[in-house]
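In: show me the folded form of this:
(3 chains)
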Amino acid sequence: MTEGNEMIHHTALVSDGAILGTNVTIGPFSIIHDGVTIGNGSSIGSHCEIGVFSDLASEKTLIIGVNSNIRSHSIFYIGSKFGKSLTTGHRVTIRENTIAGDDFQVGTLSDIQGDCTIGDYVRIHSNVHVGKSSKIGNFVWIFPYVVLTNDPHPPSEVRIGVNIGDFSVIATMSTILPGINIAKGALVGAHSLVNRDVASDTIVAGVPAKTIGLTSRIKLSNSPEESAYPWRRHFHRGYPLEITSEWLTEIYG
Amino acid sequence: MTEGNEMIHHTALVSDGAILGTNVTIGPFSIIHDGVTIGNGSSIGSHCEIGVFSDLASEKTLIIGVNSNIRSHSIFYIGSKFGKSLTTGHRVTIRENTIAGDDFQVGTLSDIQGDCTIGDYVRIHSNVHVGKSSKIGNFVWIFPYVVLTNDPHPPSEVRIGVNIGDFSVIATMSTILPGINIAKGALVGAHSLVNRDVASDTIVAGVPAKTIGLTSRIKLSNSPEESAYPWRRHFHRGYPLEITSEWLTEIYG
Amino acid sequence: MTEGNEMIHHTALVSDGAILGTNVTIGPFSIIHDGVTIGNGSSIGSHCEIGVFSDLASEKTLIIGVNSNIRSHSIFYIGSKFGKSLTTGHRVTIRENTIAGDDFQVGTLSDIQGDCTIGDYVRIHSNVHVGKSSKIGNFVWIFPYVVLTNDPHPPSEVRIGVNIGDFSVIATMSTILPGINIAKGALVGAHSLVNRDVASDTIVAGVPAKTIGLTSRIKLSNSPEESAYPWRRHFHRGYPLEITSEWLTEIYG
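Out: Predicted structure coming up:
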């Protein structure tokens, strides 16, 4: 079912059981299955498969918010829900029962294994593996080749997801062990193995990760008098003004 | 050549030189090349390329056993052979001269570089890189972002594969150096670099990995009196009853 | 626009604004966009998207040299330029403003994020992540799951790329921090975190990486009297004779 939509490529396969809003674009060789709803103004690239059936899905629907942009070769399972302005790289895989807020960005090759909750304005870079049962707060950043695990003694039937607090940052190639809590504003250094909880606004790094100190000790590379963290002091690209001005008020009063 | 098969999507390209069993499904935009044999009851997802030609293939055939499930966007080269019930995630790449047993499961984005032997009931999770000349036993588990290497002083013409014993477990984001032997039932901790052989039923972890002790010291998270290893004591999902009852007899007598 | 080309698969979508040389092959379900030039004798596999539009591209063209081979499911953005004999694995992603020399090989799943310069005869293996602003010399080897980073205090607007000298080798699963210089002929051991510059012909390894010694101390596995480095002493596969004989003259006089 489409609402006056003429931007579906003639090679795309769109099920009659899919609901496309106005001004939705579907690229060549893409497949949209039953139960999918795509919000107004959204774009699906080429070679995608959206709404893959799964017995494990709690709901037999997949909701993609307005003004979303799903790049080519991506795969979404049925059973998930995304707020407005979802943006993906290429070859993203997102499995069933993933509930994400607004303005979620997830990069090329990243794989979200399902049964996850993800807040608003989360940024997941390329090739990140989000294990089942992960909980990710708002304004979190996760960099390439990070893995969030969930099984304390693999293989087993136990799933204890990772919890990541608002504004925290996990740098490239770090592994977070099952059930670890990373508190608000924490920073996990690159190539670390995190096997203990991380306190708020604290840096940890190493294999296994040790506490290095407060994030405020890291200075801006181009202004060495100023702290680089909390990053919301200086990094505002991609966030609405009402949010960034609230941040500045919080920090500078 | 197809045996009364009506489940080939009209957009799929199936060579006359491919042999499909009964009740084989081929998804949209998939390509099946010459020399491919797909067993009865198997399913190939969308956007796959199965039977890619290679000069390096010892045999110009690719045999996929009965009741297999190859998910979308996967690529298989000619020259390999799989037992029954092969199951893959999405975007799997499997190159020439890979010989795998029954019930092999290999997750999304994993890449098997060829010239490998893989036993029965092996479970390779997402985004694992299996270098050429690897040998993997039966009932092995390999978790995300593990790399099995093969070149002792790269770049060179030398290929010395890794050997992984039955029932062993390699946790997330570990690198195994060329020629390393991991004995039966061993456990490599997450984010480790393994540069020495690992004894049976032994835990190693770290960069480089050190021996931590016997696997039996790890207890079940939900039953702290009981050892979590050997995992075949308690984890039976996906194995036939005749196998798991043999395991229980072996352990409990 | 095609020059007497009959090897475009009938399912491929080739823009009138693309320029294909003679004897160019385009595989099934592939898309070639406006502004793309593909040199004579090149082959594009199935399910590719070549010439993806980007606002960030300095030039609205993508130049692929003669005798190139781009394997299936690969994605190239507009705005890049490659010399002759580019060879890729499957599912490669190469973004805008990537300038590479001749004979560049880049493996399956690798992701080049753009704004990069890459020399001649560079070999990037599978699943390597080349961050924006990286500079890679000639004859460099980068092995699987290596990440070249660029942001000194993420997230930020700062991009300080990594510099990798000629003939250097970065082994599997290593992370290179922003702005690091790796000098000519250096060797980064597997699973390392490099946070300091690396001197020429020097080995570093560990998390964080420490200096181990000169590369010449590593001997050939099959000839233990001889050094394995510089590797151009013994490894010549894939390089033209005029180059390898120059190397031998340099080393042996």
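
In: when you work out contacts or count neighbours from here on, use the C-alpha atoms and nothing else.
Out: Fine.

In: now the residue in the stretch 51-200 of chain A positioned nearest to chain C: phi and psi?
Out: With Cα to the nearest Cα, the shortest gap between the stretch 51-200 of chain A and chain C falls at A:H191, namely 6.4 Å. Main-chain torsions, A:H191, degrees, to the nearest 10: phi 60, psi 40.

In: enumerate every residue touching it.
Out: A:171-175, A:205-207, C:175, C:193, C:207 (Cα atoms under 8 Å, 6 or more residues apart in numbering or on different chains).

In: try A:V92
Out: A:V92 makes contacts with A:73-76, A:106-111, as judged by Cα under 8 Å, 6+ apart.

In: make JSON lines out of the residues you listed and add secondary structure and neighbour count.
Out: Formatted as JSON lines, the contacts of A:V92 follow (DSSP: H, G, I helix; E, B strand; the rest coil; neighbours: other Cα atoms under 10 Å in any protein chain shown):
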{"residue": "A:H73", "secondary structure": "coil", "neighbour count": "32"}
{"residue": "A:S74", "secondary structure": "coil", "neighbour count": "26"}
{"residue": "A:I75", "secondary structure": "strand", "neighbour count": "27"}
{"residue": "A:F76", "secondary structure": "strand", "neighbour count": "23"}
{"residue": "A:V106", "secondary structure": "strand", "neighbour count": "26"}
{"residue": "A:G107", "secondary structure": "coil", "neighbour count": "21"}
{"residue": "A:T108", "secondary structure": "coil", "neighbour count": "24"}
{"residue": "A:L109", "secondary structure": "coil", "neighbour count": "31"}
{"residue": "A:S110", "secondary structure": "coil", "neighbour count": "26"}
{"residue": "A:D111", "secondary structure": "strand", "neighbour count": "26"}
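
In: what would the residues you listed look like in a markdown table with pLDDT and distance to A:L214?
Out: Listed next are these as a markdown table, based on pLDDT from 0 to 100; distance: Cα to Cα, whole Å:
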| residue | pLDDT | distance to A:L214 |
| --- | --- | --- |
| A:H73 | 98 | 40 |
| A:S74 | 98 | 38 |
| A:I75 | 98 | 39 |
| A:F76 | 98 | 38 |
| A:V106 | 98 | 28 |
| A:G107 | 98 | 28 |
| A:T108 | 98 | 31 |
| A:L109 | 98 | 32 |
| A:S110 | 98 | 29 |
| A:D111 | 98 | 31 |
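
In: would you reformat these as JSON lines and include distance to chain B?
Out: Output for these, formatted as JSON lines (distance: Cα to the nearest Cα, whole Å):
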{"residue": "A:H73", "distance to chain B": "8"}
{"residue": "A:S74", "distance to chain B": "10"}
{"residue": "A:I75", "distance to chain B": "8"}
{"residue": "A:F76", "distance to chain B": "11"}
{"residue": "A:V106", "distance to chain B": "16"}
{"residue": "A:G107", "distance to chain B": "15"}
{"residue": "A:T108", "distance to chain B": "12"}
{"residue": "A:L109", "distance to chain B": "8"}
{"residue": "A:S110", "distance to chain B": "10"}
{"residue": "A:D111", "distance to chain B": "8"}
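
In: let's have those residues in JSON lines, adding distance to C:S15.
Out: As requested, the contacts of A:V92 are arranged in JSON lines below (distance: Cα to Cα, whole Å):
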{"residue": "A:H73", "distance to C:S15": "20"}
{"residue": "A:S74", "distance to C:S15": "23"}
{"residue": "A:I75", "distance to C:S15": "26"}
{"residue": "A:F76", "distance to C:S15": "28"}
{"residue": "A:V106", "distance to C:S15": "29"}
{"residue": "A:G107", "distance to C:S15": "27"}
{"residue": "A:T108", "distance to C:S15": "25"}
{"residue": "A:L109", "distance to C:S15": "27"}
{"residue": "A:S110", "distance to C:S15": "30"}
{"residue": "A:D111", "distance to C:S15": "32"}
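
In: all set now, cheers.
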